[in-house]
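**Q** sequence first, predicted model second:
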Amino acid sequence: MADNDLLIVGAGISGLSMAHQAAVAGWNVLVLEQEHRVGGCLHSHRFTGAPDDFWLELGAHSAFNSYGSLLAMLDTLHALDQLRPRAKVGFRLFVDGAVHRIPSQLILSELLLAPFRMLGLIKTGRNIAEYYGYIVGPRNYAAVFEPAFSAVICQPASQFPADSLFNARPRRKDVPRSFTLQGGMQTVAGILAESPGVRVKFGQTVQDIQRDGGKWAVRTEYGAYTARALCLATPVAVAARLLRSRFPELAGHLAEIETAIVETVGVAVAKSQLNLPPLAGLIGRNAPFFSVVSRDTVPDPAYRGFTFHFRSGVLDEAGKRDCIAQALGLSAEGLASMHMISKINQLPALRVGHGERTQVVDGLLPGSQLALAGNYFTGIAIEDCVMRSRQELTRLQQEIG
Ligand SMILES: Cc1cc2nc3c(=O)[nH]c(=O)nc-3n(C[C@H](O)[C@H](O)[C@H](O)COP(=O)(O)OP(=O)(O)OC[C@H]3O[C@@H](n4cnc5c(N)ncnc54)[C@H](O)[C@@H]3O)c2cc1C
């Protein structure tokens, strides 16, 4: 007999939302996580020592009132009172070393035709360059929209499928339109991990999975676990690697999905060191970073935080410090007093035709008691992940009862 009803590999939002929903359904659930914290891309770095109690986002920073599945879980857990509205501050463009307002970079004559160009234009089968470039015109696309889309998805946006971004969903009127939580987005993961019936084991890097006599056997450096059903809720490259020896066909399809690497650096700076106006962030054009995400949306009395999402392999450590100093307008004194934290993020680099690939993947799963959850199905947003986990749990429930 298996030790668990469901084993989940990965304690990001995909794994934890599946764990919470399975536990609500009465399943005995265990999550195995390689790190010593929950959240994956929900990563609110909390400084210890100076700057006291300050946090900044190294990954996701915003959720919206259109994230109905996420909100439904927080509602069930009586956690909606932890939502915090994000202050309305704007983005600016960082172009060739200087900060600009976005409207100053737009070519209005080219934009006039945009509403007409949208009529009847179909997103499916087109990439972002083809779809949005046509609507806003080539010069606006190059000057503002390509950098803005790249900033949103932290990777070059042009080849990304247009229908994998900005999915229209109903909005809840009883929560802020754009929100985070007290302590940042990682708090969502903490709430789910502590929800009744969910158990998470840390420091458990899953190295091998096997199907053995009708149950799943999973091995980490420190232990072996069995379960009736298994969910891989890891980045796609990890899922492909874990499936390679026993499920080569499935692994082969997953291995075709590319991964974008982002070199993320978060900095906390005393307010007194900065002259930059309050902003949501900077969008990089001809810059070594895709975006800078600011903590000004959740202002702190003493510090400001900025997270630079650098293009991979462009700058070394010293180059990143110089770039940060230039973008923030920091003096040598400000730079010396800055607190810095680095992380490597990874995201799927989706391409047109991705929908067909995931259909093939989904066609291989029924009857397997294996679920694949993550940000490499309909989209990379948190809500896409939660919806995928819910859909996969429904299938597993039909398979193992
Ligand atoms: C910089 C950045 C900004 C973003 N901003 C937003 C935003 O503002 N709003 C939004 O909606 N979305 C945003 N996203 C997207 C969203 O945050 C992610 O797509 C989503 O959080 C991914 O969740 P996940 O659980 O599928 O994967 P992950 O968060 O990657 O979690 C996977 C987990 O699996 C663990 N793991 C991996 N391998 C193993 C192994 N072998 N054994 C055990 N554990 C393993 C990892 O440690 C990790 O905890 C952003 C993403 C990034 C990177």
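**A** Cool, got the structure. Residues are numbered from 1 along each chain as shown.
**Q** please make it C-alpha for all contacts and neighbour counts, starting now.
**A** Will do.
**Q** give me the neighbour count for the closest residue to the ligand within the stretch 51-200 of the chain.
**A** The ligand sits closest to residue 60 of the stretch 51-200 of the chain, with a gap of 3.2 Å, by Cα to the nearest ligand atom. Using other Cα atoms under 10 Å, residue 60 has 19 neighbouring residues.
**Q** close to the ligand: what parts of the stretch 151-300 of the chain are there?
**A** 204, 205, 206, 207, 233, 234, 235, 238 (Cα under 6 Å from any ligand atom).
**Q** would you mind measuring from residue 239 to residue 378?
**A** Using Cα to Cα, to the nearest Å, residue 239 is found at 17 Å from residue 378.
**Q** quick one: the strands in the stretch 201-350 of the chain?
**A** Ranges of strands in the stretch 201-350 of the chain, per DSSP state E, counting those that start in this stretch, are 206-212, 215-220, 224-232, 258-270, 281-285, 289-294, 303-311, 339-349.
**Q** related to what we said a few turns ago, now do the contacts for the residue of the stretch 51-200 of the chain closest to the ligand.
**A** Residue 60 sits next to 41, 42, 43, 185 when contact means Cα atoms under 8 Å, 6 or more residues apart in numbering.
**Q** let's go with 6 Å and repeat that
**A** By Cα atoms under 6 Å, 6 or more residues apart in numbering, the contact list for residue 60 reads residue 42.
**Q** mind starting the numbering at 395 from now?
**A** Yes, from this point I'll number from 395; that puts the last item at residue 454.
**Q** that one in helix, strand or coil?
**A** coil (DSSP: H, G, I helix; E, B strand; the rest coil).
**Q** tell me how many other residues surround residue 680.
**A** 13.
**Q** any idea which of the strands of the stretch 595-744 of the chain is most buried?
**A** Using mean count of other Cα atoms under 10 Å, the stretch among the strands of the stretch 595-744 of the chain with the greatest mean number of neighbours is strand 683-688 (a mean of 28).
**Q** quick one: that strand to strand 652-664, angle?
**A** Interaxial angle, strand 683-688 versus strand 652-664 (axes from the mean of the first three to the mean of the last three Cα atoms, to 10 degrees): 40 degrees.
**Q** and residue 727, how far is that from the ligand?
**A** 28 Å (Cα to the nearest ligand atom, to the nearest Å).
**Q** count the neighbours of that residue for me.
**A** 9.
**Q** how close does it sit to residue 423?
**A** Distance of residue 727 to residue 423, computed by Cα to Cα: 51 Å.
**Q** can you show me the helices along this structure?
**A** 407-418, 462-470, 502-505, 508-512, 522-530, 532-534, 540-547, 580-587, 630-637, 642-649, 711-722, 726-731, 748-758, 776-794 (DSSP state H).
**Q** and residue 739, which of those helices is closest to it?
**A** For residue 739, the closest of the helices of the chain is helix 540-547, at 11.5 Å, according to Cα to Cα.
**Q** who's in contact with that closest one?
**A** Contacts for helix 540-547 (Cα under 6 Å, 6+ apart): 550, 551, 677, 679, 684, 685.
**Q** in CSV: the residues you listed, plus pLDDT.
**A** Shown next, in CSV, are the contacts of helix 540-547 (pLDDT from 0 to 100):
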residue, pLDDT
550, 96
551, 96
677, 98
679, 96
684, 98
685, 98
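**Q** just the closest of these to residue 533, please.
**A** residue 679 (13.2 Å).
**Q** chain neighbours aside, what residue packs nearest to the closest one?
**A** In this structure, residue 679 finds its nearest non-sequential neighbour in residue 489, 5.0 Å apart by Cα to Cα, 6 or more residues apart in numbering.
**Q** for the spatially closest residue to residue 515 that is not a sequence neighbour, the count of nearby residues, please.
**A** Among residues not flanking residue 515 along the chain, residue 525 sits closest, at 7.9 Å (Cα to Cα, 6+ apart). Applying other Cα under 10 Å, we find 21 residues neighbouring residue 525.
**Q** what's the answer for residue 710, then?
**A** Each residue near residue 710 was counted by other Cα under 10 Å, and the total is 9.
**Q** same question, the one 3 residues further on
**A** The tally of other residues near residue 713 (other Cα under 10 Å) stands at 12.
**Q** pLDDT value on it, please?
**A** Per-residue pLDDT puts residue 713 at 97.
**Q** ok, now the one 5 residues further on?
**A** Looking at residue 718, its pLDDT is 97.
**Q** returning to that earlier point: which ChimeraX command selects the buried ones in the residues of the stretch 545-694 of the chain next to the ligand?
**A** Burial among those is assessed by 16 or more other Cα atoms under 10 Å; the matching ChimeraX selection reads:
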select :598,599,600,627,628,629,632
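**Q** returning to that earlier point: need the helices of the chain in CSV with distance to residue 441, can you?
**A** Output for those, formatted as CSV (distance: least, Cα to Cα, whole Å):
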stretch, distance to residue 441
helix 407-418, 22
helix 462-470, 26
helix 502-505, 44
helix 508-512, 45
helix 522-530, 37
helix 532-534, 40
helix 540-547, 25
helix 580-587, 14
helix 630-637, 29
helix 642-649, 36
helix 711-722, 19
helix 726-731, 14
helix 748-758, 39
helix 776-794, 24
